[in-house]
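> What would the 3D arrangement of this be:
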Amino acid sequence: MDPEGNSENQGPNAVPHYRLPLTISRRTFLTRTLLAASAAVAAPIRAGAQNANGSFDAWREAFRSRAAARGVSEATYRRVMGPIKPDTSVYAEIRSQPEFNEALWQYINRRVSDWRIITGKARAKEYAPLLTRIESEYGVDRFTMLALWGIESSYGEVIDNPKYMRPVIPALAALAWGEPRRRSYWEAELLNALVIIERGWSEPKEMIGSWAGAMGHTQWMPEVWLHMGVDFDRNGRISPYGVPDDALAGTARFLVERGKYRRGEAWGCEVTLPERRGGENGYRTYAAWRELGVTRADGAAFSRPDDKAKLSVPVEGGPAFLVGQNFSAVMSYNPAFSYTLAVVHLADRIRGAGPFVRPFPGSERLMTLAEVQELQRRLTALGFDTDGSDGRVGRDTQRAVRDFQRKVGMSPADGYAGLKVLARLRQGA
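Coordinates of the predicted model:
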């Protein structure tokens with residue numbers, strides 16, 4: 001989910017080409033789909049393209065045999081697919097481009113927000129027994145699990161919010177019928193969803209998610225639900241909704257089995273580089289990095305000097321990082337460096353660590369919860385609707401900020417709810 005509440009499946013993430021190997025990221029396909037959509041030079045999917053596979057009724061009848069081959073009974077197919085009307089609004093979603101362009105520091109500040117840090121610490125206490133069980137069973141660090149949960153669904157607060165989510169079966173049916181570039185994938189995911197219903201794990205009305213079909217606390221696609229899901233609350237069915245037990249355990253299983261997460265190993269750390277650099281390509285042990293003059297930015301010793309990591313400096317002049325296998329494991333959940341860095345940094349902040357030691361060039365410090373709430377109140381008072389003042393920056397707040405920036409001549413009008421915008425609002429008051 002996009003902070004705090006908008007589907008991140010429409011941002012830098014996603015889902016696979018025509019078949020989904022069990023080892024592929026749950027979102028690689030959607031990334032490729034969005035790239036394909038933009039590469040189409042804004043050529044819209046016209047009604048004829050949507051109907052290239054015939055009428056929906058004809059397609060639905062032909063699809064019946066595919067479902068039967070997967071073990072979906074005639075009764076289930078008739079009950080689920082019979083009354084379905086395809087949600088053709090997904091065609092516009094798949095063509096849409098990101099509305100806001102963010103620098104890396106802005107992306108991280110919005111996702112590693114004060115609200116998410118505060119709420120994550122509260123959830124760490126509230127769900128301590130569950131997180132202990134997950135650590136014991138899978139070896140995945142509890143703070144990594146909390147950070148994924150926080151970024152994907154704001155700790156479960158938006159999983160059934162109709163403002164951000166929609167019924168999944170009509171959306172997948174529309175994509176399987178009428179999205180020509182990745183039809184085989186969407187058909188496979190619709191079949192996975194039907195198998196879930198056949199098994200009694202869910203009902204169509206319960207399956208609410210993003211336009212691309214990602215559902216629940218940690219935004220599972222049906223394939224992940226079907227193959228990585230765990231009945232961790234032992235209630236006889238697997239569900240990404242309700243209590244977070246199944247969702248968090250299944251996500252931990254994903255990180256271990258598909259991401260090759262290593263028990264007890266850190267994701268990496270921020271480091272300070274020597275003035276004279278060289279020989280820094282590839283993986284090497286932390287001890288070897290230390291020999292090259294690379295040290296932890298916080299001054300602490302490397303806790304596991306024999307583990308391996310590689311150097312990453314995502315923005316010249318900004319913080320440098322050593323990133324290891326568990327960074328790659330988190331990236332398997334969403335193949336974007338920015339997303340992964342946000343997750344592991346949020347995990348560290350919930351754990352009690354501070355912000356990055358070296359700031360990104362041109363960055364602002366993270367706004368406090370009270371400052372974000374003040375910004376939202378001031379914008380709303382001026383007629384720029386932020387849809388509340390809860391201290392959580394979603395698309396409504398971004399749009400309100402952008403409109404305010406344009407009105408007062410602030411440049412760039414990037415929609416970033418930061419200290420400069422707050423200062424200008426106070427100036428106006």
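> which parts of the helix or strand hosting residue 186 are buried?
Using DSSP states H and E, residue 186 sits within helix 183-198. For helix 183-198, the neighbour count (16 or more other Cβ atoms under 10 Å) marks 183, 185-198 as buried. From N, CA and C alone the C-beta is placed, and that goes for glycine too.
> Sketch out the helices for the stretch 201-350 of the chain, chain order is fine.
222-228, 245-257, 286-291, 325-333, 337-351 (DSSP state H, counting those that start in this stretch).
> Ok, the stretch 1-150 of the chain next?
Using DSSP H, counting those that start in this stretch, helices in the stretch 1-150 of the chain cover 28-39, 47-50, 56-69, 74-81, 90-95, 104-111, 114-126, 128-138, 142-153.
> Mean neighbour count for the helices of the stretch 201-350 of the chain - can I get that in CSV?
As requested, the helices of the stretch 201-350 of the chain are arranged in CSV below (neighbours: other Cβ atoms under 10 Å):
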stretch, mean neighbour count
helix 222-228, 23
helix 245-257, 25
helix 286-291, 17
helix 325-333, 22
helix 337-351, 22
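> Out of the ones you listed, flag the one nearest residue 159.
helix 245-257 (9.0 Å; Cβ to Cβ).
> returning to what we had before: now the helices of the stretch 201-350 of the chain as CSV including distance to residue 274?
CSV is the format used below for the helices of the stretch 201-350 of the chain (distance: least, Cβ to Cβ, whole Å):
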stretch, distance to residue 274
helix 222-228, 42
helix 245-257, 33
helix 286-291, 10
helix 325-333, 22
helix 337-351, 23
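> for those, which one sits closest to residue 315?
Comparing the helices of the stretch 201-350 of the chain under Cβ to Cβ, the one sitting nearest is helix 337-351, at 10.5 Å.
> Show me which parts of the helix or strand following that closest one are buried, residue by residue.
Toward the C-terminus, helix 337-351 is succeeded by helix 369-381 as the next helix or strand (DSSP H and E). Neighbour-count burial for helix 369-381 flags 369, 371, 372, 373, 374, 375, 376, 378, 379, 380 (criterion: 16+ other Cβ under 10 Å).
> any idea how far residue 122 is from the fifth one?
Right, residue 374. From residue 374 across to residue 122, the span is 22 Å (Cβ to Cβ, to the nearest Å).
> Repeat that for the second one.
Taking Cβ to Cβ as the criterion, residue 371 is separated from residue 122 by 20 Å.
> My understanding was that residue 408 contacts residue 424; is that so?
Yes: the criterion here is Cβ atoms under 8 Å, and residue 408 meets it with residue 424 at 6.3 Å.
> before we move on, the earlier item: deepest of the helices of the stretch 1-150 of the chain, which one?
helix 142-153 (a mean of 26; mean count of other Cβ atoms under 10 Å).
> pLDDT of the following helix or strand past that helix, averaged?
Next along the chain after helix 142-153, taking DSSP H and E as the criterion, comes strand 166-167. Averaged across strand 166-167, the pLDDT comes to 96.
> Check which helices and strands strand 166-167 sits against.
On a contact count with 3 or more Cβ pairs under 8 Å, 6 or more residues apart in numbering; DSSP states H and E, strand 166-167 meets strand 208-209.
> Out of the helices of the stretch 1-150 of the chain, which gets nearest to residue 226?
The nearest among the helices of the stretch 1-150 of the chain, by Cβ to Cβ, is helix 56-69 at 14.0 Å.
> ok and that closest one relative to helix 74-81, angle-wise?
140 degrees (axes from the mean of the first three to the mean of the last three Cα atoms, to 10 degrees).
> that older thread, TSV for the buried residues of helix 369-381, including pLDDT and distance to residue 387?
Putting the buried residues of helix 369-381 into TSV (pLDDT from 0 to 100; distance: Cβ to Cβ, whole Å) gives the following:
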residue	pLDDT	distance to residue 387
369	97	17
371	98	18
372	98	13
373	98	13
374	98	16
375	98	13
376	98	9
378	98	15
379	98	11
380	97	9
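> sorry, back to before: for residue 117, which of the helices of the stretch 201-350 of the chain is the nearest?
Closest among the helices of the stretch 201-350 of the chain, using Cβ to Cβ: helix 337-351, at 4.8 Å.
> Test my guess that residue 257 contacts residue 228.
Yes: between residue 257 and residue 228 there is a contact at 7.1 Å, judged by Cβ under 8 Å.
> Flag every buried residue along stretch 348-364.
348, 349, 350, 351, 355, 356, 360, 363, 364.
> Residues in contact with it: which ones?
103-106, 109, 112, 117, 120-121, 124, 143, 146-147, 150, 270, 272, 297-298, 315-320, 345, 365-366, 418-420 (Cβ atoms under 8 Å, 6 or more residues apart in numbering).
> cutoff 7 Å now
Defining contact as Cβ atoms under 7 Å, 6 or more residues apart in numbering, one finds that stretch 348-364 is touched by 104-105, 112, 117, 120-121, 124, 143, 146-147, 270, 297-298, 315, 317-319, 366, 418-420.
> tell me the contacts of residue 245?
130, 232, 233.
> pLDDT score assigned to it?
Residue-level pLDDT assigned to residue 245 equals 98.
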